[in-house]
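K.L.:
what follows is a predicted structure for the sequence shown.
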Amino acid sequence: MRHGKKVNHLGRKTAHRHALLSNMASSLILNKRITTTVAKAKALKRYVEPLITKAKDNTTHSRRTVMSYLQNKDSVIALFGEVAGRTAERAGGYTRIIKLGDVRLGDAAEMCLLELVDFNDLYKKDGADKKAKTRRGRKAKKAEGEGVSEEPAAEKATEDKPKKAAKKTSKKKE
(Lines give C-alpha, C1' and ligand atoms only; values in the text may rest on other atoms or scores of the structure.)
Protein backbone atom coordinates (compact mmCIF):
# COMPACT_ATOMS: atom_id res chain seq x y z
CA MET A 1 0.00 0.00 0.00
CA ARG A 2 1.13 3.53 -0.68
CA HIS A 3 -0.49 5.39 2.21
CA GLY A 4 0.87 8.92 2.52
CA LYS A 5 3.52 8.53 -0.21
CA LYS A 6 3.03 11.69 -2.23
CA VAL A 7 6.36 11.87 -4.10
CA ASN A 8 6.54 10.50 -7.62
CA HIS A 9 10.07 9.11 -7.84
CA LEU A 10 10.02 9.21 -11.66
CA GLY A 11 12.14 6.04 -11.82
CA ARG A 12 15.24 7.83 -10.49
CA LYS A 13 17.38 7.96 -7.38
CA THR A 14 16.97 11.00 -5.12
CA ALA A 15 19.96 13.01 -6.35
CA HIS A 16 19.09 12.36 -10.00
CA ARG A 17 15.46 13.36 -9.40
CA HIS A 18 16.44 16.62 -7.64
CA ALA A 19 18.84 17.50 -10.47
CA LEU A 20 16.14 16.76 -13.07
CA LEU A 21 13.54 18.92 -11.32
CA SER A 22 16.04 21.73 -10.77
CA ASN A 23 17.04 21.80 -14.45
CA MET A 24 13.42 21.60 -15.62
CA ALA A 25 12.40 24.40 -13.24
CA SER A 26 15.21 26.60 -14.57
CA SER A 27 14.12 25.90 -18.13
CA LEU A 28 10.51 26.69 -17.28
CA ILE A 29 11.43 29.99 -15.64
CA LEU A 30 13.71 31.07 -18.48
CA ASN A 31 11.52 29.90 -21.39
CA LYS A 32 8.06 30.30 -19.73
CA ARG A 33 6.89 27.07 -21.41
CA ILE A 34 8.29 23.54 -21.80
CA THR A 35 7.12 20.29 -23.37
CA THR A 36 7.47 17.20 -21.19
CA THR A 37 5.63 14.11 -19.99
CA VAL A 38 2.56 14.42 -17.79
CA ALA A 39 4.25 12.67 -14.84
CA LYS A 40 7.25 15.00 -14.93
CA ALA A 41 4.99 18.04 -15.35
CA LYS A 42 2.97 17.14 -12.25
CA ALA A 43 6.15 16.60 -10.23
CA LEU A 44 7.62 19.86 -11.52
CA LYS A 45 4.45 21.77 -10.69
CA ARG A 46 4.78 20.77 -7.04
CA TYR A 47 8.46 21.76 -7.16
CA VAL A 48 8.29 25.16 -8.85
CA GLU A 49 5.12 26.74 -7.42
CA PRO A 50 6.53 27.17 -3.88
CA LEU A 51 9.60 28.77 -5.44
CA ILE A 52 7.45 31.31 -7.27
CA THR A 53 5.60 32.08 -4.04
CA LYS A 54 8.91 32.59 -2.27
CA ALA A 55 10.08 34.90 -5.08
CA LYS A 56 7.29 37.36 -4.27
CA ASP A 57 9.16 38.25 -1.06
CA ASN A 58 12.37 39.72 -2.46
CA THR A 59 14.73 39.28 0.48
CA THR A 60 18.25 37.92 0.71
CA HIS A 61 17.03 34.87 2.59
CA SER A 62 14.41 33.98 -0.04
CA ARG A 63 16.95 34.51 -2.84
CA ARG A 64 19.41 32.15 -1.16
CA THR A 65 16.70 29.56 -0.53
CA VAL A 66 15.58 29.63 -4.16
CA MET A 67 19.22 29.52 -5.33
CA SER A 68 19.75 26.34 -3.31
CA TYR A 69 16.89 24.73 -5.26
CA LEU A 70 17.62 26.03 -8.76
CA GLN A 71 21.46 26.20 -8.82
CA ASN A 72 21.27 28.65 -11.74
CA LYS A 73 21.93 32.36 -11.32
CA ASP A 74 20.17 33.42 -14.54
CA SER A 75 16.95 31.63 -13.62
CA VAL A 76 16.98 33.14 -10.11
CA ILE A 77 17.35 36.63 -11.58
CA ALA A 78 14.50 35.97 -14.03
CA LEU A 79 12.33 34.49 -11.27
CA PHE A 80 12.74 37.43 -8.89
CA GLY A 81 12.45 39.99 -11.68
CA GLU A 82 10.02 39.22 -14.45
CA VAL A 83 8.12 36.21 -13.06
CA ALA A 84 7.56 37.61 -9.56
CA GLY A 85 6.40 40.91 -11.05
CA ARG A 86 3.73 39.26 -13.20
CA THR A 87 2.49 36.86 -10.52
CA ALA A 88 2.33 39.43 -7.69
CA GLU A 89 -1.49 39.58 -7.59
CA ARG A 90 -2.05 35.84 -8.06
CA ALA A 91 -2.60 33.82 -4.86
CA GLY A 92 -1.41 30.52 -6.33
CA GLY A 93 -1.73 28.27 -9.36
CA TYR A 94 1.13 29.77 -11.32
CA THR A 95 1.48 26.91 -13.79
CA ARG A 96 -0.85 25.24 -16.27
CA ILE A 97 -0.62 21.71 -17.71
CA ILE A 98 -2.06 21.34 -21.22
CA LYS A 99 -2.21 17.74 -22.45
CA LEU A 100 -1.18 17.51 -26.08
CA GLY A 101 -2.95 14.24 -26.80
CA ASP A 102 0.02 12.62 -28.48
CA VAL A 103 2.51 10.10 -27.15
CA ARG A 104 6.28 9.88 -27.34
CA LEU A 105 7.46 7.39 -29.94
CA GLY A 106 10.02 5.57 -27.78
CA ASP A 107 7.91 4.61 -24.78
CA ALA A 108 4.39 5.90 -25.55
CA ALA A 109 4.52 8.37 -22.65
CA GLU A 110 1.72 10.95 -22.71
CA MET A 111 3.12 14.39 -23.55
CA CYS A 112 1.99 17.78 -22.30
CA LEU A 113 2.85 21.44 -22.29
CA LEU A 114 3.72 23.05 -18.94
CA GLU A 115 3.56 26.84 -18.94
CA LEU A 116 3.50 29.78 -16.58
CA VAL A 117 -0.07 31.09 -16.48
CA ASP A 118 0.58 34.83 -16.56
CA PHE A 119 2.82 34.62 -19.63
CA ASN A 120 0.19 33.24 -22.02
CA ASP A 121 -1.89 36.03 -23.54
CA LEU A 122 -4.44 33.66 -25.11
CA TYR A 123 -6.14 32.79 -21.81
CA LYS A 124 -6.16 36.23 -20.17
CA LYS A 125 -9.48 37.71 -19.07
CA ASP A 126 -8.72 41.06 -20.75
CA GLY A 127 -8.78 39.38 -24.17
CA ALA A 128 -12.18 37.82 -23.46
CA ASP A 129 -13.63 41.18 -22.40
CA LYS A 130 -12.49 42.81 -25.63
CA LYS A 131 -14.23 40.13 -27.66
CA ALA A 132 -17.46 40.64 -25.72
CA LYS A 133 -17.39 44.39 -26.39
CA THR A 134 -16.97 44.01 -30.15
CA ARG A 135 -19.95 41.67 -30.51
CA ARG A 136 -22.73 43.20 -32.57
CA GLY A 137 -26.31 42.08 -32.61
CA ARG A 138 -29.88 43.35 -32.81
CA LYS A 139 -30.75 42.58 -29.21
CA ALA A 140 -27.94 44.77 -27.91
CA LYS A 141 -29.13 47.73 -30.02
CA LYS A 142 -32.73 47.33 -28.86
CA ALA A 143 -31.61 47.21 -25.26
CA GLU A 144 -29.66 50.44 -25.73
CA GLY A 145 -32.65 52.13 -27.40
CA GLU A 146 -34.99 51.06 -24.61
CA GLY A 147 -32.59 52.36 -21.98
CA VAL A 148 -32.49 55.79 -23.64
CA SER A 149 -36.28 56.09 -23.89
CA GLU A 150 -36.81 55.06 -20.28
CA GLU A 151 -34.61 57.77 -18.79
CA PRO A 152 -36.56 60.80 -20.09
CA ALA A 153 -39.83 59.18 -19.05
CA ALA A 154 -38.50 58.72 -15.55
CA GLU A 155 -37.35 62.36 -15.45
CA LYS A 156 -40.76 63.58 -16.65
CA ALA A 157 -42.51 61.56 -13.98
CA THR A 158 -40.39 63.04 -11.21
CA GLU A 159 -40.91 66.56 -12.56
CA ASP A 160 -44.72 66.17 -12.83
CA LYS A 161 -45.25 64.95 -9.28
CA PRO A 162 -44.06 68.11 -7.48
CA LYS A 163 -46.09 70.34 -9.81
CA LYS A 164 -49.28 68.36 -9.15
CA ALA A 165 -48.65 68.46 -5.43
CA ALA A 166 -48.15 72.21 -5.58
CA LYS A 167 -51.40 72.66 -7.51
CA LYS A 168 -53.35 70.55 -5.00
CA THR A 169 -52.08 72.55 -2.07
CA SER A 170 -52.89 75.85 -3.76
CA LYS A 171 -56.46 74.68 -4.49
CA LYS A 172 -57.05 73.77 -0.88
CA LYS A 173 -56.02 77.25 0.28
CA GLU A 174 -58.45 78.97 -2.09
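P.N.:
Yes, it's here.
K.L.:
flag the shaky bits of the chain, pLDDT-wise.
P.N.:
Along the chain, segments meeting pLDDT under 70 span 124-136, 140-174.
K.L.:
so which residues of the chain form strands?
P.N.:
Listed from the start of the chain, the chain has strands (DSSP state E) covering 33-37, 95-103, 110-116.
K.L.:
so can I have JSON lines of the ones you listed showing mean neighbour count?
P.N.:
For the C-beta atoms, the positions are set from N, CA and C on the backbone; glycine is no exception. Converted to JSON lines, those look like this (neighbours: other CB atoms under 10 Å):
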{"stretch": "strand 33-37", "mean neighbour count": "17"}
{"stretch": "strand 95-103", "mean neighbour count": "13"}
{"stretch": "strand 110-116", "mean neighbour count": "19"}
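K.L.:
is it possible to get TSV of those strands that adds distance to V83?
P.N.:
Listed next are these as TSV, based on distance: least, CB to CB, whole Å:
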stretch	distance to V83
strand 33-37	12
strand 95-103	11
strand 110-116	7
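K.L.:
to N58, which of those strands lies closest?
P.N.:
strand 110-116 (18.0 Å; CB to CB).
K.L.:
quick one: buried residues of stretch 22-29?
P.N.:
The neighbour-count criterion (16 or more other CB atoms under 10 Å) identifies S22, M24, A25, S26, S27, L28, I29 as the buried residues of stretch 22-29.
K.L.:
and the protein, what are its domains?
P.N.:
With automatic domain parsing serving as the domain definition, the record reports that the chain contains domains spanning 14-123, 136-173.
K.L.:
now the terminal residues of the first one, how far apart.
P.N.:
With CA to CA, to the nearest Å applied, domain 14-123 spans 36 Å between its terminal residues.
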